[in-house]
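Chemist: Turn this into a model:
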Amino acid sequence: MLKLLLTTSLLLAMIPIPPSDALAQHRREAVDLLVLGGSIVTMDQTRRIIDDGGIAISKGRIVAIGPRAEIERAYTSRQRVSAEGKVITPGLINGHTHIPMVLFRGLADDLDLQEWLTKYIFPAEAKNVTEQFVRVGARLGLAEMIRGGTTTYCDMYYFEDAIADETAKAGVRGVLGETIIDFPVADNKTNAEGMAYVEKFVARWKGNDLIIPAIAPHAPYTVSEEHLKAVRAFSDRTGVPIVTHIAETKREVDDMVKAKGASPVAYLERIGFLNNRVIAAHMVWPQGNDIAILQRRGVGVIHNPQSNMKLAAGVAPVPRMLKEGVLLGLGTDGAASNNDLNMWEEMDTVAKLHKVFTGDPKVISAQQAFEFATIRGAQALHLEKEIGSLEVGKRADLLIVDRDTLNQIPVYNIYSDLVYATKAADVETVIINGRVVMRDRRLLTLNETVVKKEARAFRDKIIKSVGGSSAP
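Modeler: The predicted model follows:
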């Protein structure tokens, strides 16, 4: 009997006992992607910052976020991205663009808005904009935005179905509005054609993980009251956003007061156009109780500081709108009037412009400027439940920003560093909807060499179309 016990004990001692790490590995939940290390700037309600954090991603959404050790204990993945020593932030949101207009970058500079539009841009568009032009321009703009960390953008242009197609292929999120305007344009010659186009466009893309189709009446001075009401009815029926320009210039406001007896905002309120699906770009010249109307109706307002400065359109009353609870985001506008799609520059500008304009250095803090490009930008696009912050259940749209560049050393305040020191070139990795679209500064969904070659091929054609030289 003693011999039997000794033999059994010996056999048991010879059976390998799995190490604790192996047992933990067996218990871990498998996810699609783990992002580990680095400081996470969540932009959640408490503006929590997690040092040495981790994010678990599955099916395009964040399933867990917290200290790295906790995430590694609970989750495993074949795909990992190291962010050690770096900063992880929500993806940036460019609230207003005309993305194919990158092909007009630098064509007509140092002009006021009306001259810029009527003498150069509208004629250049009439002679050059085709579906191929739009696709090539969209790819160039998408590559530029990915490199700079923009993961969501809101667009208004022509052939928007083609823009949606290129955007989805690039893996970028877009609120994309097909333009409705009361004169013949590149893709549609009449209002009826435009409305028929947008009907098909919305039907094709509604429900897509990345593409949010929208209808985009250009402005209250280029779209009739009848057609604006039809746009609102279409939005009511389909539930899609309305993207438009409102009160961009003083001349626009004065002309509207003369023609309609009301400011653009008051006029749109009077005809029943405004609601919480409207995304209004610029809003430089609100009048009277316009701001109260915007707040009450839940209109998202997109501030475009660099474009407004370059065209001398004016300075939007952002501090007042912020104080009165308007949903405020930030955008670049098109690259023909900016001349880039760089949201880091817009953040830096929005803080500094309003400090100097108000004479108050405390106006628009670095944190608020970063909010405009993330969570507040999401609110202005009516997408705050999906994007804008790094929280469980939200879409996995995030950036990894290098902290070892000369312009970022040393760091005392993370928001100050992000807004006043960080450059687009500091963005190292971009993840959209859980998919890595740029890793270690290498684009993964677009061929940069081909994008550049195709875009450059349009230059000579565009110059010839406007009389053989670019504008002053």
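Chemist: Quick check: residue 43 touching residue 388?
Modeler: Yes: with contact defined as C-beta atoms under 8 Å, residue 43 counts as touching residue 388 (6.6 Å). In this view, the C-beta of every residue, glycine as well, is placed from N, C-alpha and C.
Chemist: These two: which has the busier surroundings?
Modeler: Just comparing residue 43 and residue 388: by other C-beta atoms under 10 Å the higher neighbour count belongs to residue 388, 29 against 23.
Chemist: The more buried one: what's it in contact with?
Modeler: By C-beta atoms under 8 Å, 6 or more residues apart in numbering, residue 388 lies in contact with 43, 90, 93, 374, 375, 376, 377, 378, 379, 394.
Chemist: Sitting in strands, which of these do you find?
Modeler: 90, 93 (DSSP state E).
Chemist: export stretch 171-191 as CSV, just CAs?
Modeler: Coordinates of each C-alpha in stretch 171-191 appear next as CSV, following Å, rounded to 0.1, in the frame of the first residue of the first chain:
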residue,chain,number,x,y,z
GLY,A,171,-12.1,53.7,-44.1
VAL,A,172,-12.9,57.2,-42.9
ARG,A,173,-16.2,58.3,-41.3
GLY,A,174,-18.2,61.0,-43.1
VAL,A,175,-21.3,63.0,-42.8
LEU,A,176,-21.7,63.6,-46.5
GLY,A,177,-24.1,66.1,-48.0
GLU,A,178,-25.2,66.3,-51.6
THR,A,179,-25.5,69.9,-52.6
ILE,A,180,-28.9,71.4,-53.5
ILE,A,181,-28.6,74.8,-55.2
ASP,A,182,-30.8,76.8,-57.5
PHE,A,183,-28.6,77.0,-60.6
PRO,A,184,-27.1,74.3,-62.8
VAL,A,185,-24.0,72.6,-61.3
ALA,A,186,-21.7,69.8,-62.3
ASP,A,187,-23.9,66.8,-61.4
ASN,A,188,-27.4,68.2,-61.6
LYS,A,189,-28.8,70.9,-63.7
THR,A,190,-32.2,71.4,-62.0
ASN,A,191,-33.6,71.2,-58.5
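Chemist: Would you mind listing the buried residues in that stretch?
Modeler: 171-182, 185-188, 191 (16 or more other C-beta atoms under 10 Å).
Chemist: And stretch 324-339, by the same measure?
Modeler: Neighbour counts over stretch 324-339 (16+ other C-beta under 10 Å) mark 326-339 as buried.
Chemist: I'd like the mean pLDDT over that stretch, please.
Modeler: In this model, stretch 324-339 has a mean pLDDT of 96.
Chemist: so how far is that stretch from its chain's centroid?
Modeler: Remark: stretch 324-339 is offset 10 Å from the chain centroid, using C-alpha atoms, centre = their mean, to the nearest Å.
Chemist: distance between the ends of it?
Modeler: 31 Å (C-alpha to C-alpha, to the nearest Å).
Chemist: All set, thanks.
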